[in-house]
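In: Return atomic coordinates for the entry below.
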Amino acid sequence: MVWGRQGWSAVSPYPNPMDKNVLSVKITEEKRDESTGVIYRKRIAICQNVVPEILRKVSILKVPNIQLEEESWLNPRERNMAIRSHCLTWTQYASMKEESVFRESMENPNWTEFIQRGRISITGAGFLNCILETFASTFLRQGAQKGIRIMEMLLKEQCGAPIAE
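Out: Predicted coordinates:
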């Protein structure tokens with residue numbers, strides 16, 4: 001979601017050429033709180049397994065796709081959105097959670113602040129725990145940077161605003 005001239009609007013639907021690892025996204029729940037105007041959505045994303053082949057020698061990592069669950073709360077009145085996601089695929093071995101907030105900047109109401117936090121914990125893989133946590137951490141950090149680049153590009157396309165370099 002991005003804040004544009006007409007308010008919050010959906011970014012490109014998945015799958016899209018900007019993120020080829022996302023194969024499909026299905027909305028499993030959607031509702032609006034009439035008193036607050038908050039729109040809640042729960043989605044399941046099917047993503048291509050990006051674990052390097054060398055690590056897929058471990059049988060639990062040898063899956064073609066990964067499922068993620070995402071919940072979002074969009075508040076058009078207060079011009080903010082919170083997103084919480086976690087991995088559904090390896091729940092008995094790993095906990096990978098991510099939280100993001102998009103909100104109006106206090107400095108300038110035409111700017112959007114983006115705050116993101118993630119937690120990774122892997123157990124049951126013996127000496128590979130540390131290697132897998134490092135890979136997952138690096139992948140999520142790169143994903144956040146890619147997400148910011150995509151958001152900037154979409155904002156530029158939709159709003160015509162120059163992007164500060």
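In: If you average the pLDDT over the helix or strand that residue 66 is a member of, what comes out?
Out: Using DSSP states H and E, residue 66 sits within strand 65-75. Throughout strand 65-75, pLDDT has a mean value of 90.
In: can you check stretch 95-112 too?
Out: pLDDT averaged over stretch 95-112 gives 86.
In: Mind listing what's buried along it?
Out: Of all the residues in stretch 95-112, those buried under the rule 16 or more other C-beta atoms under 10 Å are 96, 98, 100, 102-103, 112. (Each C-beta comes from the backbone N, C-alpha and C, glycine too.)
In: Take the residues you listed and keep only those in strands.
Out: 96, 98, 100, 102-103, 112 (DSSP state E).
In: Among those, which pair sits farthest apart?
Out: Farthest pair in these (C-beta to C-beta) is 96 and 112. Separation: 25.1 Å.
In: Which other helices and strands does the strand holding residue 66 contact?
Out: Here strand 65-75 touches strand 39-48, strand 80-87, going by 3 or more C-beta pairs under 8 Å, 6 or more residues apart in numbering; DSSP states H and E.
In: neighbouring strands for the last one, and are they parallel or not?
Out: Based on DSSP bridges, the strands next to strand 80-87 in the sheet, each with its direction, are strand 65-75 (antiparallel), strand 94-104 (antiparallel).
In: right, and residue 62 touches residue 56 too?
Out: Yes - in terms of C-beta atoms under 8 Å, residue 62 counts as a neighbour of residue 56; the distance is 4.9 Å.
In: Which residue ranges of the chain form strands?
Out: 2-4, 7-9, 22-32, 39-48, 65-75, 80-87, 94-104, 112-122.
In: possible to save those as JSON lines with distance to residue 137?
Out: Below are the strands of the chain laid out as JSON lines (distance: least, C-beta to C-beta, whole Å):
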{"stretch": "strand 2-4", "distance to residue 137": "27"}
{"stretch": "strand 7-9", "distance to residue 137": "30"}
{"stretch": "strand 22-32", "distance to residue 137": "20"}
{"stretch": "strand 39-48", "distance to residue 137": "17"}
{"stretch": "strand 65-75", "distance to residue 137": "16"}
{"stretch": "strand 80-87", "distance to residue 137": "13"}
{"stretch": "strand 94-104", "distance to residue 137": "10"}
{"stretch": "strand 112-122", "distance to residue 137": "6"}
